[in-house]
Every structure is written in structure tokens, then in C-alpha cells.
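> prediction below, plus the sequence it came from.
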Amino acid sequence: MGNRTLAILKPDCVEKNLIGQVITKITEAGFKIVAMKMTRLTEASAGGFYEVHKERPFYTDLVKYMTSGPCVPIALEKENAVEDFRKLIGATNPKEAEEGTIRRMYADSIEANVVHGSDSDENAAKEISHFFSRKELLENYG
Ligand code: AMP
């Protein structure tokens, strides 16, 4: 069982001024922030991050959307982080997300769905290192 996951507060979250509310939900659920930054992804960075979806019909729009404005990647720590975080954010499609989940509360569409969460411990490790160096993680840790 892994203890870290990567969240990204997506451009719609930043645009709608929801950074504070969403981080409050995350920390109230017991997640500790290990590293965080505000950044605007380049096409190369967003394309690389979503490489697994390269053949999907929504890939081009997804990269366009993720580069449309600043986002906030956050490395989080908690026991059972990946699974618990996915429960907290709810289904990819906000219409299918359970009541009380972040996407159900704040998301407008399957693409502009407020927040990303890693889907496995292996991907969490890869995704955290996509945004944060070992030094940044060590310096912010504890
Ligand atoms: P995931 O790796 O599961 O987080 O999927 C990546 C992101 O792609 C999701 O969070 C959505 O923003 C977007 N996405 C996934 N499925 C679709 C879809 N069918 N149509 C449009 N966007 C999608």
C-alpha cells in the first residue's frame, strides 16, 4: 500500500478561484501536502504527462485544455493515498461522481473536472517526479 499520490488542481479549478476550497477539502480528508507549485504546462509537458492517452480521441483537446491556463500540481501523503484520493475526488465524469466528492461539487464536465488524481502507486511515483525533483520533495518533507 503506497502513501503518496499526485493531485493537479486543473486550469478550471484555478480559473474559477477554487484553489482554497479544494485544498481545504483535501487537507480536511487527512492528506498532508508534501510539495506544491503553480505552473503553466507547456504542450510538451502536458503531452508527456498524458502520454498513456495518446491514441484516445480526447487527447488533443485534453492537452489543449491542460495548457490553457495555470494549474497546481500537489504531491500528497496519506496512508492508502491513491485509493483514498480517488474516492475523495469522485468519478472522472462529474455527473457520475458521488454526492460530496470534489468533482460532484465543483466540476462542469468530464474534461474540465477540477482535479487529477493518480490511478496507481506506480503512476503516482512517476507523476510526482514529472513535477517535483527529489530535492524539492526532500526539502518540503516533514
Ligand atoms: P485520467 O488519466 O483517467 O485522469 O484521464 C485523464 C483526463 O482526461 C481526465 O481527468 C479527463 O479530464 C480527461 N478525459 C478522460 N476521459 C475523457 C473523455 N471521454 N472525454 C474527454 N475527456 C476525458
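That came in fine, so what should we check first?

> touching the ligand at all, whichever strand or helix holds L62?
For L62, the host element (DSSP states H and E) is helix 59-66. Yes. In terms of Cβ under 6 Å from any ligand atom, part of helix 59-66 sits within range of the ligand, namely L62. (Each C-beta comes from the backbone N, C-alpha and C, glycine too.)

> which neighbouring elements make contact with the helix or strand following that helix?
Heading C-terminal from helix 59-66, the first helix or strand you meet, by DSSP H and E, is strand 72-77. Counting contacts by 3 or more Cβ pairs under 8 Å, 6 or more residues apart in numbering; DSSP states H and E, strand 72-77 is packed against strand 4-9, helix 19-28, strand 32-36, helix 121-131.

> and strand 72-77, does that touch the ligand?
No. Strand 72-77 is not in contact with the ligand by Cβ under 6 Å from any ligand atom; minimum separation 13.4 Å.

> so that strand versus strand 32-36, what angle?
140 degrees (axes from the mean of the first three to the mean of the last three Cα atoms, to 10 degrees).

> how far off centre is strand 72-77?
Mean C-alpha position of strand 72-77 versus that of the full chain (Cα atoms, centre = their mean, to the nearest Å) differs by 7 Å.

> also stretch 31-44?
9 Å.

> just the buried positions in that stretch, please.
Within stretch 31-44, the residues that qualify as buried by neighbour count (16 or more other Cβ atoms under 10 Å) are 31, 34-36, 41.

> again, but for stretch 9-23
Residues 9-14, 18, 22-23 are the ones in stretch 9-23 that count as buried (16+ other Cβ under 10 Å).

> closest to the ligand among those residues?
Proximity of the buried residues of stretch 9-23 to the ligand, judged by Cβ to the nearest ligand atom, is greatest for K10, which lies at 7.2 Å.
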